[in-house]
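S.K.: Sequence and computational prediction follow.
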Amino acid sequence: MTYDAFLLVSFGGPEGPDDVAPFLANVTRGRGVPPERLAEVAEHYRHFGGVSPINEQCRLLMAGLRDRIDLPIYWGNRNWRPYLVDALRDMRDAGIHRVLAFVTSPYGSYSSCRQYLDDIAAARAALGERAPEVDKLRHFHDHPLFIAAHVDAVKAALATLPDPANARLAFTAHSIPVSMADTAGPVRNGGRYVAQLRETARLVAAAAAPDLPYELVWQSRSGPPVIPWLEPDVNDHLAALSAEGVTGVVVSPIGFISDHIEVLWDLDHEAAETAEKLGLAYARAATPTDDPRFIDMLVELIEERRSPGGDRAALGEIPTWDRCAPGCCPAPPKRR
Ligand SMILES: CC1=C(CCC(=O)O)c2cc3nc(cc4[nH]c(cc5[nH]c(cc1n2)c(C)c5CCC(=O)O)c(CCC(=O)O)c4C)C(CCC(=O)O)=C3C
Ligand SMILES: [Fe+2]
């Protein structure tokens, strides 16, 4: 398979205080997110000067990749500048026909996979016939290099606790509506988001701390309270651990590939504060963007896609594939 360019596809985030409101409007259009929740999230961004950390992380990722691949690198986001449609237009104008895209999420579900594919399709449609064709790289939730980076991060976090031998591991990911979790994956199967996250948690725990109990819990719940989302929330989980007599916990955000605002606010600020109130020793494991093996993995994912018959490195049992089936991870019904 021949490709003419690499495209980094990310969520996007504000780059200053004036960007926060229009960014949030882009993210939540038609999604039924209550205004109270939006105001709260706007405050999280303002706490960091209205600058999302995600953009710098994208720039770092591209810088890490630059000398490692022989393809020109482009960057397009779903919800903020540089937008996908602008990246695709630049590529088209540069005579690029086939593009390999890396989406900054390892897992399947509408929010973490299909929504990116839909937005790529919409951006292509806006450009008309000469829009470059875009192939998305596969899910990588159990890639050996992804797991290895998390394993070392969890070990390093554990080592900072006063009593690591009696600590617990809590893996976190973005909560999603239960209805979205139920339909994640190929048509008729469902449950792919939770299943992949469970597998990632199992693989990391087994290699990092085989003797410690671990749980997969959820963070950053949004949406109206009447709609069920995946539970328990990480803060409730910390309280439950404390009630059991546990004295230390490592929180590993396997649902995010870098220190997004959800990691910096919902974990480093909120969950850390919860732990402090409970008298629970708390350490947050690093996300993989800081680890050179993450770039190594990306290089491997690009190489494997260029050799269709070749190996697809994977430690787990949940299958991955190069191309998601058309009806995979369907969109939830639009609200508002
Ligand atoms: C599964 C998942 C991931 C992980 C996969 C992936 O990485 O894509 C993720 C990532 C992210 N989510 C992000 C930001 C936001 N997500 C929101 C809202 C929502 N997220 C959802 C799910 C997910 N989100 C859902 C079901 C909603 C409800 C509205 C809807 O159905 O779409 C809102 C609106 C306010 C709120 O409701 O909280 C914001 C601002 C940022 C940027 C962070 C930064 O700036 O550093 C990132 C990386
Ligand atoms: Fe989100």
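M.R.: Thanks, I have the structure now. Ligands and ions are numbered 1, 2, ... in the order given.
S.K.: So Ala21 belongs to a helix, correct?
M.R.: Yes: when the secondary structure is assigned by DSSP: H, G, I helix; E, B strand; the rest coil, Ala21 falls within a helix.
S.K.: Make 475 the first number, not 1, from now on.
M.R.: New numbering, starting at 475: the last item is Ala495.
S.K.: And for it, the neighbour number?
M.R.: By the criterion of other Cβ atoms under 10 Å, Ala495 has 14 neighbours. C-beta coordinates here come from the backbone N, C-alpha and C atoms, glycine included.
S.K.: ok, for it, nearest residue in space, not its chain neighbours?
M.R.: Setting aside the residues directly before and after it, Ala495 is nearest to Ala516 in space (Cβ to Cβ, 6 or more residues apart in numbering), at 6.8 Å.
S.K.: who touches the one you found in this structure?
M.R.: The contact partners of Ala516, taken as Cβ atoms under 8 Å, 6 or more residues apart in numbering, are 494-495, 498.
S.K.: confidence score at Arg809?
M.R.: You'll see Arg809 listed with a pLDDT of 54.
S.K.: and what of Gln589?
M.R.: The score at Gln589 is 97. That number is its pLDDT.
S.K.: got it, and Gly783?
M.R.: Gly783 is given a pLDDT of 82.
S.K.: Ramachandran angles for it?
M.R.: phi -80, psi -10 (degrees, to the nearest 10).
S.K.: of all the residues in the stretch 575-724 of the chain, which ones are close to ligand 1?
M.R.: For the stretch 575-724 of the chain, the residues in contact with ligand 1 under the definition Cβ under 6 Å from any ligand atom are 578-579, 583, 585-586, 648, 650, 696-697.
S.K.: could you redo the last one with a cut-off of 5 Å?
M.R.: The stretch 575-724 of the chain comes close to ligand 1 at residues 579, 585-586, 648, 650, 696, as judged by Cβ under 5 Å from any ligand atom.
S.K.: For ligand 1, what's the nearest residue on the stretch 625-774 of the chain?
M.R.: Ranking the residues of the stretch 625-774 of the chain by distance to ligand 1 (Cβ to the nearest ligand atom) places Ser696 first, at 2.9 Å.
S.K.: Just list the residues touching that residue, thanks.
M.R.: 507, 511, 515, 649, 703.
S.K.: please redo it, this time with the cut-off set to 10 Å
M.R.: Listed by Cβ atoms under 10 Å, 6 or more residues apart in numbering, the contact set of Ser696 reads 501-502, 505-508, 511-512, 514-515, 648-651, 703.
S.K.: Strands of the stretch 675-810 of the chain, start to end?
M.R.: Under the criterion DSSP state E, counting those that start in this stretch, the stretch 675-810 of the chain contains strands at 688-693, 722-726, 755-758.
S.K.: re the thing from before, can you list the residues of the stretch 575-724 of the chain next to ligand 1 in JSON lines and add pLDDT?
M.R.: Putting these into JSON lines (pLDDT from 0 to 100) gives the following:
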{"residue": "Ser579", "pLDDT": "96"}
{"residue": "Ser585", "pLDDT": "97"}
{"residue": "Ser586", "pLDDT": "97"}
{"residue": "His648", "pLDDT": "98"}
{"residue": "Ile650", "pLDDT": "97"}
{"residue": "Ser696", "pLDDT": "91"}
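S.K.: which parts of stretch 638-652 are buried?
M.R.: Within stretch 638-652, the residues that count as buried by 16 or more other Cβ atoms under 10 Å are 638, 641-651.
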